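# for reference, the sequence and a predicted model appear below.
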There are 2 protein chains.
Amino acid sequence: MNRRDWLKSFAATAAPRPAAPAPNRVELKTERLTLRHKWTTVMSSSDYRDTLHLAFTSGGITGRGEGAPIVRYKESAESARRAVESVKGFLEKADPGQFWKVLDEVFRRIDGEWAAKAAIDIALMDWMGKRLGVPLYRYFGLDPKDAPVTTFSIGIDDPAMTREKVKEAEEFPVLKIKVGLDTDEATIEAVRSVTQKPLRVDANEGWKSKEEAVRKINWLEKQGVEFVEQPMPAHMIEETKWVRSRVHIPIIADEASLRAADVPKLAEAFDGVNVKLDKTGGILGAYRMILMAKSLGMKTMLGCMISSSVSISAAAHLSPLVDYADLDGNLLISNDPYEGVTVQRGRLVLPDRPGLGLLPRKRT
Amino acid sequence: MNRRDWLKSFAATAAPRPAAPAPNRVELKTERLTLRHKWTTVMSSSDYRDTLHLAFTSGGITGRGEGAPIVRYKESAESARRAVESVKGFLEKADPGQFWKVLDEVFRRIDGEWAAKAAIDIALMDWMGKRLGVPLYRYFGLDPKDAPVTTFSIGIDDPAMTREKVKEAEEFPVLKIKVGLDTDEATIEAVRSVTQKPLRVDANEGWKSKEEAVRKINWLEKQGVEFVEQPMPAHMIEETKWVRSRVHIPIIADEASLRAADVPKLAEAFDGVNVKLDKTGGILGAYRMILMAKSLGMKTMLGCMISSSVSISAAAHLSPLVDYADLDGNLLISNDPYEGVTVQRGRLVLPDRPGLGLLPRKRT
């Protein structure tokens, strides 16, 4: 959005409206997102993912949020829905202009269930951006031209299918390869048989001993891999520190770093952190975790779960802040209900509409 | 500002304006602020303070900032002015809607000179709040009713004058007493001879051995003191940890904690941090430092240098986030050029006008 358009947007969005005496409306819906390919990581294998969608309406403005429950933390779309329902009465009476205070209270009332929290936070921030008439990247004072390239993720598969997926991802200048099983070398060799692009590798805690991790990473260094994510189980911080001193590419924490408070204790074992809205409980928590990591001199990355353009666009608005992005969750599904952030030759293109900038997509 | 007024403010502030082709305007002025009483702390004694004022105009909107140079860090109004002048050309061409990016670059270009950075940050955030048509507390999603009580500070003086100052501060339910010289007991006894209010004590690094610090604090505990600020020199973190284990009131870091990055290493030695815009380089850095401390489970406090209502109002808009406020710098001077945050029976009352909410004050 250039400055002239931005000024216009104020006129367009700020026509006088009557104050809303009615309570806010909170609507929930579970969306079953269909995967283009069966998705296999160290943790699971499936054809679809259910995410929780939330529409928050106040004063004639609707903000949309989404939470993708993380199985590793015993979350499901159903448990997320129950968590939001437990604070629905509170949200119906809340002033969304006091979103910091509202979210502080929501976080106090809900134990765990970070996807539910993310859905609420994202909906409130979308609402606030629309109320102010600015895209969220501008709310945060960022330049959309600084949005980074996103990797496209290749789930674990047999060599033939891996080659197929890599060819489909031709548009993306950097790929993220899921490893962590005993097929790692075969997977990387399959990728390298069809492309010489830079790779980033995600082991999802798959390597169980520090010696194995060093051996795998030393091999990956020779395969044009830029960094490796979460080589060992989250609790093995001392072992990861040992590994870090023996490898030559950055190690990024994912499962080990859920929220801002987790980051200081990782500063010696990891070079950076992967920030995900479904771990932090939304945009504000992600912003906070990014600032924390930057303050500690660590690299920052925005990642995602498999989700629609609601959650991915929310993360993308913060992406001008980070070193790396892996925001392809919406590209892995075939029935995205919204259009928001798009990708041009791998680069994230932020929508310049207010809030998240979502448009409903016609179902085909 | 209630919701109806807020909605109205959109209509009022968002009338269509032509985009500004002209460069931004950056105007600097050094204000000599006259102290009501000669101000003595461990560090200095004076009748006035010079602060740097900045007016940033873009697209017909002017944002105001202020920086109060800190002598301890070899800053002066003159060095602050030179620092701002070194980035003036950059600011004239910058897009203030990209304030995060602009400030990131300013912080990269200016070495030290945090008061200069604060003046720039505050002016840009005032501009942004005005552009969006909301007070900064609302930009941050806060409830102005959560703004805390501010202490009123009593500088070091002889017992008779100390009693006089305490009587003048009758309106304030909590006082902050400056100590750290060899007159500490006499000062506290003078205060206690006229009031039984809760006190907070600031030693400004004045106690040079850990044994002295423990002895002083153990005595202060019996005098109704709620917490003590920076008992020992900033670098004596291990000694402060030793002191902390031997006292029964919280210890708050001031000189030891300048910015967010300083906080993690203090978590074991201090219970909380005093955040000042002239240390962090403005509002965004203060917000970041407050979030950092909260993530580490520490108490948070907003403090200030002697400055006008520009800087004090900027801090006050964040005050609903913190446990303690010591935002009286504008109350200690007799020639404040602006009206912004006010105080009612000690409680901070945030202006509900856009941005900082400043109004020029008629000089008498």
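Received the coordinates, thanks. Numbers count the residues shown, from 1 in each chain, chains lettered A, B, ... in the order given.

# break chain A down into its structural domains.
A:25-133, A:138-360 (automatic domain parsing).

# pipe these into a markdown table and attach mean neighbour count per row.
(Glycine included, C-beta is placed from N, CA and C.) Putting the domains of chain A into a markdown table (neighbours: other CB atoms under 10 Å in any protein chain shown) gives the following:
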| stretch | mean neighbour count |
| --- | --- |
| domain A:25-133 | 20 |
| domain A:138-360 | 21 |
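
# using a markdown table, please lay out those domains together with distance to B:Thr150.
As requested, the domains of chain A are exported to a markdown table (distance: least, CB to CB, whole Å):
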| stretch | distance to B:Thr150 |
| --- | --- |
| domain A:25-133 | 20 |
| domain A:138-360 | 26 |
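
# closest one to B:Pro250 among those domains?
With distances scored as CB to CB, the stretch of these nearest to B:Pro250 is domain A:138-360 (19.8 Å).

# near chain B at all, that closest one?
Yes. Domain A:138-360 reaches chain B (CB under 8 Å from any CB of the partner chain) through A:138, A:140-143, A:146, A:259-261, A:264, A:288, A:291-292, A:295-297, A:320-321.

# follow-up on the earlier one: now mean pLDDT too, for the domains of chain A, in JSON lines please.
As requested, the domains of chain A are exported to JSON lines (pLDDT from 0 to 100):
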{"stretch": "domain A:25-133", "mean pLDDT": "95"}
{"stretch": "domain A:138-360", "mean pLDDT": "96"}
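
# three-state assignment of the residue nearest the centre of chain A?
The structure's chain A has its C-alpha centroid closest to A:Cys304; by CA atoms, centre = their mean the separation is 2.6 Å. What DSSP: H, G, I helix; E, B strand; the rest coil gives for A:Cys304 is coil.

# distance of it relative to B:Leu332?
Shown here: A:Cys304 relative to B:Leu332, a distance of 50 Å by CB to CB, to the nearest Å.

# before we move on, what about A:Glu226?
A:Glu226 is 54 Å from B:Leu332, by CB to CB.

# same check, this time on A:Gly272
Counting by CB to CB - A:Gly272 and B:Leu332 are separated by 45 Å.

# skipping its backbone neighbours, what lies nearest A:Met301 in space?
Once flanking residues are discounted, A:Met301 sits nearest to A:Tyr324: 4.0 Å by CB to CB, 6 or more residues apart in numbering or on different chains.

# mind checking how far that neighbour is from chain B?
18 Å (CB to the nearest CB, to the nearest Å).

# state the phi and psi torsions of that residue.
phi -130, psi 150 (degrees, to the nearest 10).

# which ones are touching the residue nearest to the centre of chain A?
A:68, A:276-278, A:311-312, A:315, A:326-329 (CB atoms under 8 Å, 6 or more residues apart in numbering or on different chains).

# any idea what sits nearest it, other than its immediate chain neighbours?
In space, A:Cys304 is closest to A:Gly329, 4.1 Å off (CB to CB, 6+ apart).

# likewise A:Lys38?
A:Asp47 (5.5 Å).

# looks like the one you found contacts A:Thr34 (just checking).
Yes. A:Asp47 is within contact range of A:Thr34, at 7.2 Å (criterion: CB atoms under 8 Å).

# relative to B:Leu181, which of the domains of chain A is closest?
Relative to B:Leu181, the nearest member of the domains of chain A by CB to CB is domain A:138-360, separated by 34.6 Å.

# measure the closest one end to end?
22 Å (CA to CA, to the nearest Å).

# what do you get for stretch A:167-185?
19 Å.

# name the residues that touch that stretch?
A:40-42, A:149-156, A:166, A:187-188, A:191, A:194-195, A:197-207, A:216, A:219, A:226, A:326, A:328, A:343, A:345-346.

# counting by contacts, list what the longest strand anywhere in chain A packs against.
Across chain A, the longest stretch assigned as strand under DSSP state E is strand A:25-40. If contacts are counted by 3 or more CB pairs under 8 Å, 6 or more residues apart in numbering or on different chains; DSSP states H and E, strand A:25-40 sits against strand A:45-58, helix A:77-86, helix A:88-93.

# what does stretch A:257-269 rub up against?
A:114, A:237-238, A:240-241, A:244, A:251, A:253, A:256, A:270, A:273-275, A:279-281, A:285, A:288-289, A:291-293, A:296-298, B:264, B:291-292, B:295-297.

# from the residues you listed, which land in helices?
A:114, A:237-238, A:240-241, A:244, A:279-280, A:285, A:288-289, A:291-293, B:291-292, B:295 (DSSP state H).

# what sits against A:Glu339?
A:Glu339 neighbours (CB under 8 Å, 6+ apart): A:309, A:351, A:358-361.

# switch the cut-off to 10 Å
By CB atoms under 10 Å, 6 or more residues apart in numbering or on different chains, A:Glu339 lies in contact with A:308-309, A:313, A:330, A:351, A:357-362.

# so which of those sit within helices?
Using DSSP H, the contacts of A:Glu339 in helices are A:309, A:313.

# show me where the stretch 151-300 of chain A has its strands.
Taking DSSP state E, counting those that start in this stretch as the test, the strands found in the stretch 151-300 of chain A are A:152-154, A:175-178, A:199-202, A:225-229, A:251-253, A:272-275, A:299-302.

# direction included, what does the first one pair against?
The one in question is strand A:152-154. strand A:175-178 (parallel) (DSSP bridges).

# go on, the last one?
Taking DSSP bridges as the criterion, strand A:299-302 forms sheet pairs with strand A:272-275 (parallel), strand A:324-325 (parallel).

# could you do the fifth one as well?
With DSSP bridges as the criterion, the sheet partners recorded for strand A:251-253 are strand A:225-229 (parallel), strand A:272-275 (parallel).

# could you dump those to JSON lines with distance to A:Phe107?
Formatted as JSON lines, the strands paired with strand A:251-253 follow (distance: least, CB to CB, whole Å):
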{"stretch": "strand A:225-229", "distance to A:Phe107": "26"}
{"stretch": "strand A:272-275", "distance to A:Phe107": "17"}
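
# and the ones you listed: which comes nearest A:Ala55?
Across these, closest to A:Ala55 is strand A:272-275 (CB to CB), at 25.0 Å.

# alpha carbons only: can I get that closest one in PDB?
Extracted C-alpha coordinates of strand A:272-275, given in PDB (Å, rounded to 0.1, in the frame of the first residue of the first chain):
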ATOM      1  CA  GLY A 272      18.000 -19.100  16.600                       C
ATOM      2  CA  VAL A 273      14.300 -19.900  17.200                       C
ATOM      3  CA  ASN A 274      11.400 -20.900  15.100                       C
ATOM      4  CA  VAL A 275       8.400 -18.800  16.200                       C
END
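
# sorry, back to before: now the residue nearest to A:Lys38: how far from chain B?
Distance from A:Asp47 to chain B, by CB to the nearest CB: 38 Å.

# which residues touch that residue?
Taking CB under 10 Å, 6+ apart as the test, what A:Asp47 contacts is A:32, A:34-39.

# restrict stretch A:211-219 to CA atoms and write it as PDB.
Below are the C-alpha coordinates for stretch A:211-219, written out as PDB (Å, rounded to 0.1, in the frame of the first residue of the first chain):
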ATOM      1  CA  GLU A 211      26.700 -38.400  18.200                       C
ATOM      2  CA  GLU A 212      24.000 -39.300  15.600                       C
ATOM      3  CA  ALA A 213      23.000 -35.600  15.400                       C
ATOM      4  CA  VAL A 214      26.600 -34.500  14.700                       C
ATOM      5  CA  ARG A 215      27.100 -37.300  12.100                       C
ATOM      6  CA  LYS A 216      23.900 -36.300  10.300                       C
ATOM      7  CA  ILE A 217      24.600 -32.600  10.400                       C
ATOM      8  CA  ASN A 218      28.200 -32.900   9.300                       C
ATOM      9  CA  TRP A 219      26.900 -34.900   6.300                       C
END
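
# okay, A:Ala19: pLDDT?
Each residue has a pLDDT score; the one for A:Ala19 is 51.

# returning to that earlier point: mind putting the contacts of A:Glu339 in a markdown table, distance to A:Leu91 included?
Shown next, in a markdown table, are those (distance: CB to CB, whole Å):
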| residue | distance to A:Leu91 |
| --- | --- |
| A:Ser308 | 21 |
| A:Ser309 | 23 |
| A:Ser313 | 21 |
| A:Asn330 | 26 |
| A:Pro351 | 25 |
| A:Gly357 | 23 |
| A:Leu358 | 20 |
| A:Leu359 | 25 |
| A:Pro360 | 22 |
| A:Arg361 | 26 |
| A:Lys362 | 30 |
